[in-house]
Structure formats: C-alpha cells, structure tokens
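Enquirer: For reference, the sequence and a predicted model appear below.
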Amino acid sequence: MPGTNKGKAWAMARTRRVKCEDGVANYHVMSRTNNKLFLFAKGRLKWQIVDSLDRIARFSGVRIHAYAVMDNHFHVVCRVEKPETPVSEEEVLRRIAILRGDRYADDLSRHWAELRKTGLESVAVAALNGWRRRMNDVSAFVKTFKEEVDRLYKRECPHCGSIWSGRFASTLVEDGKYLRTVIRYVELNPVRAGIATQARDYAWSSAKANEMRRNEGSVPAGGLAMREERLMRRVAQVGEGKIFGGYAFVVEKMTGLGDRFAGRPVARAVCETTFTTHGWRLAKGIAACAA
C-alpha cells in the first residue's frame, strides 16, 4: 500500500540527541538492560560498575554530579565541558593511563614516537585525534561506560550479544534548581523502588557522599532526608532527547537546535517556573520547583 514504507521508516527513525557542541552542559543519562532483566543484582558487580563509572568519567573529562546503579539500569547526572583548544597529547596519555593502565599508555607513547621518527606523523596525529574524540563528549562517555559494564557482566556470566536495550536516553539540564531537581530524582530511585527508606541508605548511589558534602558546607544545605517523601513523586523523569530548565533556557536551546525539533518549538510548563520540550514524561504529580 502507498505510504506503508514511509510510515515504517518514520516509526524506525531515531530521535536525534540534544547536545551542546561547545561550552559547558549538564546531562541526565539513563540506560536499561535488555528486557529489563536484573543483571546487576549482585552487590559485587554494582561496586565494580561504580568504580568503572569514576574511572571512565576521569578518562572522559566528565564531572559526575550524581548516579544510581540499580539492578537493571543506571542513572548518571554529569557535567561536560568542551575545551577551547584540543586536549594536549600529554593529557591524552594521562587519561589513557586512567582507562587502560600505565603500561598501555607508555607503550602507546613509544609507538607514536616511533611513527614520527619514520616520517609517519600523520598516522600518529590521526591516532591521537581518535582518542581526543572520545573525550569531553557525553555520547562517547556513555558509550565507553556501557561497553565497560558489558565486559564486567560477561566476565561473571555467559552472555551472547549486548546486555543493553538500545542506546541511552539523555536530557539536557539547566544549572541551579533544575539540576538539583534532577539530582534528587536520580538519588531517590531506590526509595521509589521500595528498596531503601532513605536515599543515603543505598550503597550504590551518590546520595550519601552528596549529603556529606552538604553537611560540610561544600554544597547548599537542605539534605535529601528532610524532603524525600515530598519529592519522591514530584520530579520529572529523563526523556529521549529532551531539554529541562527555565523558559528562557529551554527556548534558547530549542531555537539553536531548530532542525532537531519538527515544526514550531514549544516549551511546555512542568510547573510554574520549570519548562521542558514537548513530549516530556512526568512522574506522578509535577516537577519539583526547588529554590
């Protein structure tokens, strides 16, 4: 029938990811296992995943604001800064040592030096730029992390194919109260799932460490424990290729990414001072308007 293939192609089209190609940006990312299977139920594996997240974030040049590793998915809130100039070769090798070990980085450094001695500077530069492209980019960061978790799981259990259900979902998040709202949402995942009474009681999330920083005065006061019940069903969820923030922020980013959004961009109100792109999925209630 006419139009059938066109409709099928539209249904299969992937949502383009919302990314800032320069400057600093915050993202909330999430990915699930295939069929939502509880592949990460073992505490030991979750600890390995947490350790890998820290290591890969340092390799990628990404700052982790918050995370929660659940039995069949993970959430990460991170800050990505695009450098004004290319990452130096020395810094690239330092980060490679974090990811692969000192010996690997030393061998790679010697290999590039040998290429240059034999007049193959362009080959060495191409290899260096390949590593640079894996840094300071949210997509490359999550891809590297998911590949590492895939390897960790397969070392424990026989498995054929990827353990992940497709690509990850991501939301571009404005600083300030909007970022804090998303951080609370992530750290409250175990509470909403009924496996912890307070966020800080869950071992495989950033809640306890962030609460300690609040008590030390390095982040604003107002710990999760005082507001968990009220916030538990009053925060927005991560979406596929969405923007979350104030009206001006959402409209500015949507306008700058006009080819990403079909038709006229519309910023929909989530609550009085919080807006998001169309198609936003909400938890029960409305998004928290934390000051």
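Expert: Arrived safely, thanks for sending.
Enquirer: C-alpha from now on. contacts and neighbour counts both.
Expert: Fine.
Enquirer: Now do the contacts for Val76.
Expert: His28, Val29, Met30, Ile64, His65, Ala66, Tyr67, Ala68, Val186 (Cα atoms under 8 Å, 6 or more residues apart in numbering).
Enquirer: ok, now Lys19?
Expert: So Lys19 contacts Val138, Leu172 (Cα under 8 Å, 6+ apart).
Enquirer: Please identify which helix or strand holds it.
Expert: Per DSSP states H and E, Lys19 falls between elements, in no helix or strand.
Enquirer: and the gap between it and Ser170?
Expert: 9 Å (Cα to Cα, to the nearest Å).
Enquirer: and Ser31, what are its bridge partners?
Expert: Beta bridges link Ser31 to Phe74 when assigned by DSSP bridges.
Enquirer: All further residue positions should be reported with the first residue as 343.
Expert: Yep, numbering from 343; the last one is Ser373 now.
Enquirer: Surely it and His417 touch.
Expert: Yes - counting by Cα atoms under 8 Å, His417 is a contact partner of Ser373 at 7.1 Å.
Enquirer: more neighbours, those two?
Expert: His417 (25 against 19; other Cα atoms under 10 Å).
Enquirer: count of neighbours near the closest residue to the more buried one other than its chain neighbours?
Expert: Among residues not flanking His417 along the chain, Met372 sits closest, at 4.6 Å (Cα to Cα, 6 or more residues apart in numbering). Around Met372 there are 23 other residues, counting by other Cα under 10 Å.
Enquirer: Met372: what's it in contact with?
Expert: Contacts of Met372 by Cα under 8 Å, 6+ apart are His415, Phe416, His417, Val418, Phe510, Ala511, Ser512, Val580.
Enquirer: quick one: it and Pro532, what's the gap?
Expert: From Met372 to Pro532 the distance is 15 Å (Cα to Cα).
Enquirer: cool, and Ala590?
Expert: For Ala590, the distance to Pro532 - Cα to Cα - is 33 Å.
Enquirer: quick one: which of these two has more around it?
Expert: With neighbours defined as other Cα under 10 Å, Ala590 and Pro532 compare such that Pro532 has more, 23 against 11.
Enquirer: and the more buried one, what is it in contact with?
Expert: Met412, Ala538, Ala541, Tyr544.
Enquirer: The first one against Phe382, yeah?
Expert: This points to Met412. Yes - when contacts are counted by Cα under 8 Å, Met412 is listed as touching Phe382 (7.0 Å).
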